[in-house]
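J.: Any chance you could fold what I've pasted below:
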Amino acid sequence: MIAEEILPWYDKHARELPWRLSPRQKRANPNVLYADPYRVWLSEIMLQQTTVATVKGYYEKFLASWPTVNDLAKEDLDNVLSAWAGLGYYARARNLHKCAKVVADELGGVFPDTEEGLLKLPGVGPYTAAAIAAIAYDRPATVVDGNVERVIARYYALEDPLPGVKPQMKECAQQQTPYERAGDYAQAMMDLGATICTPRSPGCVICPIQTACLARKSGIAESLPKKAPKKEKPTRRTYAYLFLSDERGALLRRRPEKGLLGGMTEVPTGDWVKQGDAVRNPELDHLAQWTELEGVVKHTFTHFHFEITVLTSKISQNLDGIAEAVQGAWAHKTEFSGLALPTVMKKILRHADYI
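T.: The predicted structure follows:
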């Protein structure tokens, strides 16, 4: 069993991360056996499709602002979105806030201690439920993230490509999940994938499970897991309308709650055209005289590339009327840090030399 080899390794080499209780910390605090479910949940939501290095700063900022799930539940959504800005995948932030409210208002501030109960929470899928159950409650839940998939694919020499091989990976991972120290085992597997069983140049010679690793024996470890050819991402295009006032700043508005960047703050844009050239928005066009900036702003989302042509206009009259027509509000640069401005909108403002 993998656990027999990897847990002694983890006891010596576990990464020190702000959301976990490492073996060293457990030895120093023998009365505290498992991590705080709130901290585990918060970190796991942040870590979805985001690196540990990026998450650390955001996690510590969130924890300083909202030390408990009850604190987070009481906060205004706009402030949560603002604190999240830059982490991407903003539906996670909206679900984070919604989940906090459910736990605080309906569950007395206590997270469920089973996968079944956790799966009922907003924004909590099978992976996150398993991670919280194992790490926070030491349930024998099978936790399979990208790091664990890589370890399992190599250990069993699973040569079918992703994503089709995922069910087989999960089945193999379940066979290895121990009943004791399940939380430490889950984190050990993640650490192994992150530090030794890496995508490129895996450190097989220092791996604690090298003896039974079938991919190492066959000399194919670095080629696994195999991936199906990626589909080419389409490119969407739009115009961004940057209204500027010496007196009031930039005119910004809130995006619809549903959809991409839902509830976030934006520079007003036209339609995001899926094919062909961007099309100017007549409702915004007629409100001012526009100057088109050279070049385009480029950004990439999960499923498409995005190109934005930026138009600017200096406004000195009818500021309130224009804000009403755009359904936005004026904001000075000094106020931007308190707004939920996603990265792509910051790029637009930088392109116009406004921040």
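
J.: Okay, Val40 and Pro122: tell me how far apart.
T.: 16 Å (Cβ to Cβ, to the nearest Å). From N, CA and C alone the C-beta is placed, and that goes for glycine too.

J.: if you count what's nearby, which of the two comes out ahead?
T.: Val40 (24 against 14; other Cβ atoms under 10 Å).

J.: and Val102, what does it touch?
T.: Leu121, Pro122 (Cβ atoms under 8 Å, 6 or more residues apart in numbering).

J.: ugh, wrong one, I meant Pro140
T.: Listed by Cβ under 8 Å, 6+ apart, the contact partners of Pro140 are Ala134, Thr177, Pro178, Tyr179, Ala182.

J.: I'd like to know the phi and psi angles of Glu180, please.
T.: Dihedral angles of Glu180 (phi, psi; degrees, to the nearest 10) stand at phi -110, psi 140.

J.: Number the residues from 301 up from this point.
T.: Understood, numbering begins at 301; the last thing we discussed is Glu480.

J.: per-residue pLDDT, it?
T.: We have a pLDDT of 93 for Glu480.

J.: I'd like to know which elements the lowest-mean-pLDDT helix or strand in the chain is packed against.
T.: Every helix and strand in the chain was compared by mean pLDDT, DSSP states H and E; the lowest is helix 323-328, with a mean of 79. Contacts defined by 3 or more Cβ pairs under 8 Å, 6 or more residues apart in numbering; DSSP states H and E place helix 323-328 against helix 302-313.

J.: Which elements pack onto the helix it packs on?
T.: Against helix 302-313 (3+ Cβ pairs under 8 Å, 6+ apart) you get helix 323-328, helix 482-495.

J.: Number of residues surrounding Pro467?
T.: 9.

J.: downstream neighbour of the helix or strand where Arg536 lies in the secondary structure list?
T.: Under the criterion of DSSP states H and E, Arg536 resides in strand 535-545. Going down the chain from strand 535-545, the next helix or strand is strand 549-554, by DSSP H and E.

J.: Can you flag the buried ones in the contacts of Pro440?
T.: Neighbour-count burial (16 or more other Cβ atoms under 10 Å) applied to the contacts of Pro440 gives Ala434, Thr477, Pro478, Ala482.

J.: gap between the first one and Asp484?
T.: Using Cβ to Cβ, we find Ala434 at a distance of 9 Å from Asp484.

J.: Report the two of the contacts of Pro440 separated the most.
T.: Greatest spacing in these, by Cβ to Cβ: Ala434 and Tyr479 (11.2 Å).

J.: Go through the strand holding Arg536 and flag the buried ones.
T.: Of the residues in strand 535-545, Arg536, Arg537, Thr538, Tyr539, Ala540, Tyr541, Leu542, Phe543, Leu544, Ser545 count as buried by neighbour count, 16+ other Cβ under 10 Å.

J.: Likewise for stretch 545-552?
T.: So for stretch 545-552, counting by 16+ other Cβ under 10 Å, buried means Ser545, Arg548, Gly549, Ala550, Leu551, Leu552.

J.: With stretch 430-446 instead?
T.: Those would be 430-445, for stretch 430-446 by 16+ other Cβ under 10 Å.

J.: Likewise for stretch 315-331?
T.: For stretch 315-331, a neighbour-count test (16+ other Cβ under 10 Å) marks Leu317, Trp319, Arg320, Leu321, Ser322, Pro323, Lys326 as buried.

J.: Closest one of these to Thr351?
T.: For those, the residue nearest Thr351 by Cβ to Cβ is Leu317; the value is 12.2 Å.

J.: Domain map for this protein?
T.: Listed domain ranges for the chain are 302-523, 535-651 (source: automatic domain parsing).

J.: which one of those has the most crowded surroundings?
T.: Mean neighbours per residue, mean count of other Cβ atoms under 10 Å, is largest over those for domain 302-523, with a mean of 18.

J.: can you give me the end-to-end distance of that domain?
T.: Start-to-end span of domain 302-523 (Cα to Cα, to the nearest Å) is 21 Å.

J.: Over to stretch 433-451?
T.: 21 Å.

J.: before we move on, what about stretch 567-586?
T.: First-to-last distance for stretch 567-586 - Cα to Cα - comes to 17 Å.

J.: for stretch 610-623, same thing?
T.: 19 Å.

J.: separation between Ala335 and Asp371?
T.: 18 Å.

J.: repeat for Val444
T.: Applying Cβ to Cβ, the value for Val444 to Asp371 is 31 Å.

J.: quick one, what contacts Lys574?
T.: Pro534, Arg536.

J.: I figured Glu607 hits Thr535, correct?
T.: Yes - using Cβ atoms under 8 Å, Glu607 makes contact with Thr535 at a distance of 6.1 Å.

J.: circling back to that earlier point, out of the buried ones among the contacts of Pro440, flag the one nearest to Pro412.
T.: Nearest member of those to Pro412, counting by Cβ to Cβ, is Ala434, at 13.4 Å.

J.: helices or strands up against the helix or strand where the closest one lies?
T.: Here Ala434 sits within helix 426-437, counting by DSSP H and E. When contacts are defined as 3+ Cβ pairs under 8 Å, 6+ apart, helix 426-437 sits against helix 337-347, helix 415-418, helix 482-495.

J.: what's the angle between it and helix 337-347?
T.: Helix 426-437 runs at 150 degrees relative to helix 337-347, counting by axes from the mean of the first three to the mean of the last three Cα atoms, to 10 degrees.
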